[in-house]
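Student: need a 3D model of the sequence below.
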Amino acid sequence: MIFSHAFAGAALTRYLHKSSRLKFTEKQTNTIYFVGIISAILPDLDVALIFLNNTVQHRTLITHSVVPYLFAALILWTVALLQKNSFLKFIAVTFLLNVFFSHFFLDMLAGGLLLFTPFSGQHVGFPLNFPPEPLLWAKTYLTSKYMILEVLLTVGYLLTIREFKNKVLIYLPAFLFFVSALSFAALFLVIL
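Tutor: Numbering: from 1, shown residues only. Here you go, the predicted model:
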C-alpha cells in the first residue's frame with residue numbers, strides 16, 4: 001500500500017468520530033483527524049531509511065512492529081486515566097486502531113510485514129513475490145491486483161469527500177496522497 005494509507009486512516013477516523021457519543025470542540029476534532037491520518041502512515045517512516053542506507057528492507061524494522069505503537073498508546077492511555085480525560089483516551093484508541101487497521105492490516109494484504117519485531121522475525125501476511133530489481137518491482141506493483149485495493153480506497157475517499165466538513169479530513173489525506181505519488185514518481189525517475 002503505497003498511496004492510500006492516509007485515505008484509509010481518514011475513513012476509519014471519521015467512522016470512529018461519528019460513532020462516538022463524546023462531544024468534541026472543533027480544535028479537538030481537528031486533532032483527532034490529524035492523529036488518525038498521521039498514525040495511518042506513521043509506520044512508513046522506515047522508507048526514509050531506505051534512501052539513507054540501501055540495505056534496509058521496507059517493513060522489516062521496528063516501525064512495522066506492534067511494539068512501539070502499543071507502548072505509545074499505553075502511555076497515552078495511562079496519562080488519560082490519571083487525568084480522567086476522555087479526549088486523550090479517544091486519541092489513544094484512534095491512534096492504535098489506525099496503526100493496526102489502516103496500516104498493518106493493509107500491509108498484511110499487500111506483501112506482509114514483521115509484525116512482532118524485535119521478538120520474532122516471523123513474516124505475517126501475504127508475500128508479494130515481486131522481482132527485487134526496483135524498476136521491475138515498481139512496474140509489477142503498478143500493474144498488480146494490489147493496485148485495485150489502492151484504487152478502491154482512493155475512489156471511496158473521493159466519493160465521500162463531499163460529505164466531509166472538516167478541512168483536516170479533506171486536505172491532509174489528499175496532500176499525503178500527492179506527496180507519496182510524487183515521491184514514487186521521483187524514485188522511479190532516479191531509478192531510470
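Student: so what does Val124 look like in phi/psi?
Tutor: In terms of degrees, to the nearest 10, the main-chain angles of Val124 are phi -120, psi 120.
Student: ok, for it, nearest residue in space, not its chain neighbours?
Tutor: Nearest residue to Val124, sequence neighbours excluded (Cβ to Cβ, 6 or more residues apart in numbering): Leu115, at 4.3 Å. (C-beta placed from N, C-alpha, C; glycine too.)
Student: residue contacts, the one you found?
Tutor: Contact analysis of Leu115 by Cβ atoms under 8 Å, 6 or more residues apart in numbering lists His64, Ser65, Val66, Phe104, Met108, Gln122, Val124, Gly125.
Student: 7 Å instead?
Tutor: For Leu115, the contacting residues are Ser65, Val66, Phe104, Val124, by Cβ atoms under 7 Å, 6 or more residues apart in numbering.
Student: same deal with Leu97?
Tutor: Leu12, Leu16.
Student: gap between the helix or strand containing Ala80 and the chain center?
Tutor: Assigned by DSSP states H and E, Ala80 belongs to helix 66-83. A distance of 19 Å separates the centroid of the chain from that of helix 66-83, by Cα atoms, centre = their mean, to the nearest Å.
Student: quick check: what element follows that helix along the chain?
Tutor: Past helix 66-83, the next helix or strand by DSSP H and E is helix 86-97.
Student: now do that next one against helix 66-83, angle only.
Tutor: Taking axes from the mean of the first three to the mean of the last three Cα atoms, to 10 degrees, one finds helix 86-97 and helix 66-83 inclined to each other by 170 degrees.
Student: list the buried residues of the next helix or strand after helix 86-97.
Tutor: On the C-terminal side of helix 86-97, the nearest following helix or strand under DSSP H and E is helix 106-109. Buried positions in helix 106-109, judged by neighbour count with 16 or more other Cβ atoms under 10 Å: Leu106, Asp107, Met108.
Student: go on, stretch 166-175?
Tutor: Going by neighbour count (16+ other Cβ under 10 Å), the buried part of stretch 166-175 is Asn166, Val168, Leu169, Ile170, Leu172, Pro173, Ala174.
Student: over to stretch 141-155?
Tutor: Tyr141, Tyr146, Leu149, Glu150, Leu153, Thr154.
Student: in a strand, that's where the residue nearest to Val124 is, yeah?
Tutor: No: going by DSSP: H, G, I helix; E, B strand; the rest coil, the assignment for Leu115 is coil, not a strand.
Student: elements contacting the helix holding Ala80?
Tutor: The elements that helix 66-83 packs onto, with contact taken as 3 or more Cβ pairs under 7 Å, 6 or more residues apart in numbering; DSSP states H and E, are helix 86-97.
Student: I'd like the mean pLDDT over the helix it packs on, please.
Tutor: On average, the pLDDT along helix 86-97 is 96.
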